[in-house]
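K.L.:
Okay, structure incoming, though there's no sequence with it:
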């Protein structure tokens with residue numbers, strides 16, 4: 001499903017900043033993948049998969065500038081990790097690299113910060129899949145209840161295609177499992193940042209929970225069609241090039 005969404009047969013570079021044992025990368029062409037993982041044991045497992053690049057950079061720090069905006073696709077399912085940078089270091093990184101990311105300074109969820117840094121490496125027209133804990137829930141005023149600060153920022157700077165809440169059954173066969181995950185599908189970076197965070201009034205379906213792999217697959221297939229805004233932008237660029 002991931003390969004279909006990011007069009008892995010067409011892209012040339014895929015980046016995962018917290019690859020773990022490579023579960024998100026299974027089925028992708030290994031020679032296109034840059035897998036980063038701090039755990040030496042997990043890097044050993046990644047080595048057997050023969051990815052193009054395997055690195056051990058700290059996901060709490062920005063990658064070198066030469067690889068910013070260099071990947072066709074970014075996949076990110078950050079684990080819960082203990083911070084090994086100081087609060088002042090984190091503030092400096094946010095000020096330097098993440099536009100209007102001040103909310104991340106006091107944000108309790110480290111994962112949002114890791115994702116924001118990972119997306120620095122996505123090409124303007126690239127695709128990304130990020131995984132967050134929990135499900136989309138709307139509050140009494142119809143606003144997204146959890147991750148609101150992060151999702152406001154994400155919707156402002158990136159073209160968010162969809163958010164899919166996964167049922168526990170998809171994640172685990174253990175009926176006592178309390179896992180809740182949501183998958184966020186991104187298609188490119190906005191050239192003109194603007195807030196358009198969804199509400200219960202305009203996108204009530206975001207609170208739905210996908211209860212089967214068949215339904216999950218339907219979501220991914222529906223999101224393979226390019227956004228109309230992106231098609232229009234591409235046409236404008238093409239017309240401008242012809243006029244030149």
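P.N.:
Sure thing, it's come through. All figures in this text were calculated on a predicted structure; none of them were measured in a lab.

K.L.:
drop to CA atoms for contacts and neighbour counts, all remaining ones
P.N.:
OK.

K.L.:
Need the nearest residue in space to residue 85, chain neighbours excluded.
P.N.:
Excluding the flanking residues, the one nearest residue 85 by CA to CA, 6 or more residues apart in numbering is residue 60, at 7.4 Å.

K.L.:
so for the helix or strand residue 5 falls within, what's the average pLDDT?
P.N.:
For residue 5, the element it lies in under DSSP states H and E is helix 2-6. Per-region confidence: helix 2-6 scores 85 on mean pLDDT.

K.L.:
just to revisit the earlier point, you'd agree the residue nearest to residue 85 is up against residue 83?
P.N.:
Yes. With contact defined as CA atoms under 8 Å, residue 60 reaches residue 83; the gap is 7.4 Å.

K.L.:
Neighbour count: those two, which is higher?
P.N.:
residue 60 (23 against 12; other CA atoms under 10 Å).

K.L.:
contacting residues around the more buried one?
P.N.:
83-85, 113-114, 117 (CA atoms under 8 Å, 6 or more residues apart in numbering).

K.L.:
Which pLDDT value belongs to the closest residue to residue 102 other than its chain neighbours?
P.N.:
Excluding the flanking residues, the one nearest residue 102 by CA to CA, 6+ apart is residue 94, at 6.7 Å. Note for residue 94: predicted pLDDT of 91.

K.L.:
Can you tell me the SS state at residue 94?
P.N.:
In three-state terms, and counting by DSSP: H, G, I helix; E, B strand; the rest coil, residue 94 is helix.

K.L.:
Please point out which parts of stretch 195-214 sit buried.
P.N.:
197-200, 206-207, 209-210 (16 or more other CA atoms under 10 Å).

K.L.:
Scan the chain for its longest strand.
P.N.:
strand 122-133 (DSSP state E).

K.L.:
which strands and helices sit next to that strand?
P.N.:
Using 3 or more CA pairs under 8 Å, 6 or more residues apart in numbering; DSSP states H and E as the contact test, the elements touching strand 122-133 are helix 2-6, strand 71-76, strand 181-189.

K.L.:
Quickly run through the sheet partners of that strand, with directions.
P.N.:
Strands that pair with strand 122-133, judged by DSSP bridges, come out as strand 71-76 (parallel), strand 181-189 (antiparallel).
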